[in-house]
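# Quick one, structure for this:
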Amino acid sequence: MSTTADRRRIARSLPPLADADTTAIERFLDAAWAENGLSPAALTAYRSDLQGLARWLQARPSAPPLALAARSDLFDYLAMRSAAGYKPRSNARLLSTLHAFYAHAVRLRLRGDDPSALLQPPHLPRLLPKALSEAQVSALLESPDAGTPTGLRDRAMLELMYACGLRVSELVGLPGTAINLRQGVLRVTGKGGKDRLVPLGEESQHWLQRYLRESRPALLAGLRDTGIAQSLFVDGKGQAPTRQAFWALVKHHAAAAGIDPARVSPHGLRHSFATHLLNRGADLRALQMLLGHASLSTTQIYTLVAREHLKSLHARHHPRA
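Residues are numbered from 1 along each chain as shown. Okay, the predicted model is just below:
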């Protein structure tokens, strides 16, 4: 199986993107954004998938442009990726991108058929979300040094993420106007640009108030133009921390709390939020609204986690287990 370095070397050897393919991809992305309100991260993933296929097609003899690729071309590309060691989830995402792109081409009558229509996604194992225990979450939240501006900010971010079950992109993208401490609610813009209101707990409100009163002014002190600081959470430059930066700080605080960093991720806090609520009797429909899931089936996977938790409790404590 090829290594990541091998796959990168193959990608670098492909020809540059043709102008016609660039135009077709950007037109599709504009339509996808307008019709479905896709996030910048989703659009970037779509662009990367389509550019990879277009460059691979261009390297083949008598290659068609991206918009006119045949089913056999797509099949060969997927087979190449599988042989090169691309993970099934990566190929499944690619196939989803191709379905959307060629459906768009058919709607515009750029072609009469959808070459991706009969291609089946790879079988994906059903992975249960990895949640921390309540004790581990408490240790993680208490890890930052709240006596420093960045430590207090980190504490407020971790408290808010766990209290509201936020995605990392939702957390770092929060504007200052998203929070209403008087009413105790947070307005979150989730996938597809859909807004939802999530209640704030007392602990998260306490740390947010401290952050806004003590840490945020200190982080913005000395900046010439504080108008750039429209985000709720800021770094020393007055800008929102990136997703990568937040990922790194979660790992850092996990290690400081004595938790294996490999078991902790920003999304793991969202999983922990959902699992702990279900373990304490939360309604599945209410959890769906809090998480911002479009479909209840997405939320139902947490019932499997809760069921495993109950089995574990039964095995440990029942005299006949």
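# what stretches of the stretch 1-150 of the chain score poorly on pLDDT?
By pLDDT under 70, the low-scoring segments of the stretch 1-150 of the chain are 1-15, 121-129.
# Pull the contacting residues for Gln244.
Applying Cβ atoms under 8 Å, 6 or more residues apart in numbering, we find Gln244 in contact with no residue. To be clear about C-beta, it is placed using only N, CA and C from the backbone, and glycine gets the same treatment.
# Any figure for the gap between it and Gly236?
Look at Gln244 and Gly236: by Cβ to Cβ, to the nearest Å, they are 16 Å apart.
# Same question for Glu214.
Here Glu214 is placed at a distance of 15 Å from Gly236 (Cβ to Cβ).
# Now do Ser231, the pLDDT please.
Looking at Ser231, its pLDDT is 88.
# er, Asp235 I mean
In this model, Asp235 carries a pLDDT of 88.
# and it, what helix or strand is that in?
For Asp235, there is no helix or strand it lies in under DSSP states H and E.
# Report how many residues lie close to it.
By other Cβ atoms under 10 Å, the residues close to Asp235 number 16.
# Not counting residues beside it along the chain, what's closest to it?
Pro241 (5.5 Å; Cβ to Cβ, 6 or more residues apart in numbering).
# The stretch 151-300 of the chain: strands as residue ranges?
Using DSSP state E, counting those that start in this stretch, the strands of the stretch 151-300 of the chain run over 179-180, 185-189, 195-199.
# Pull up the pairing partners for the shortest one, direction included.
Within its sheet, and counting by DSSP bridges, strand 179-180 is paired with strand 185-189 (antiparallel).
# My read is that Gly165 contacts Arg270, right?
Yes: with contact defined as Cβ atoms under 8 Å, Gly165 reaches Arg270; the gap is 5.1 Å.
# Mutual contacts of these two, please.
Joint contacts of Gly165 and Arg270 (Cβ under 8 Å, 6+ apart) are Leu291.
# Could you list the residues in contact with stretch 25-43?
Applying Cβ under 8 Å, 6+ apart, the external contacts of stretch 25-43 come out as 46-47, 50-51, 54, 66, 100-101, 104-105, 169, 191-194.
# Scan those residues and report the most crowded one.
Among those, the one with the most neighbours (other Cβ under 10 Å) is Leu66, at 27 neighbours.
# Quick one: residues contacting it.
Per Cβ under 8 Å, 6+ apart, neighbours of Leu66: 20-21, 24-25, 50, 53-54, 57, 101.
# still on that earlier bit, how near is the residue nearest to Asp235 to Cys164?
17 Å.
# and what of Glu26?
Distance from Glu26 to Cys164, by Cβ to Cβ: 35 Å.
# cool, and Asp154?
Asp154 sits 16 Å away from Cys164, going by Cβ to Cβ.
# And Ala70, by the same measure?
47 Å.
# Arg243 too?
Computed as Cβ to Cβ, the Arg243 to Cys164 distance reads 17 Å.
# More neighbours: the two, which one.
Regarding Arg243 and Cys164, a neighbour count based on other Cβ under 10 Å identifies Cys164 as having more, with 24 against 16.
# on that earlier part again, just the strands of the stretch 151-300 of the chain: most buried one?
Most buried of the strands of the stretch 151-300 of the chain, by mean neighbour count (mean count of other Cβ atoms under 10 Å): strand 185-189, with a mean of 18.
# Centre of the chain to it, how far?
Between the centre of strand 185-189 and the centre of its chain there are 17 Å (Cα atoms, centre = their mean, to the nearest Å).
# ok, now stretch 88-96?
The answer for stretch 88-96 is 15 Å, by Cα atoms, centre = their mean.
# What of stretch 272-284?
That offset, for stretch 272-284, works out to 21 Å (Cα atoms, centre = their mean).
# so Lys130 sits right up against Arg263, yeah?
Yes: Lys130 is within contact range of Arg263, at 6.7 Å (criterion: Cβ under 8 Å).
# need the contact list for Leu57.
Leu57 neighbours (Cβ under 8 Å, 6+ apart): 63-66, 69, 73, 77.
# can you do 7 Å?
Residues near Leu57 by Cβ atoms under 7 Å, 6 or more residues apart in numbering: 63-64, 66, 69, 73.
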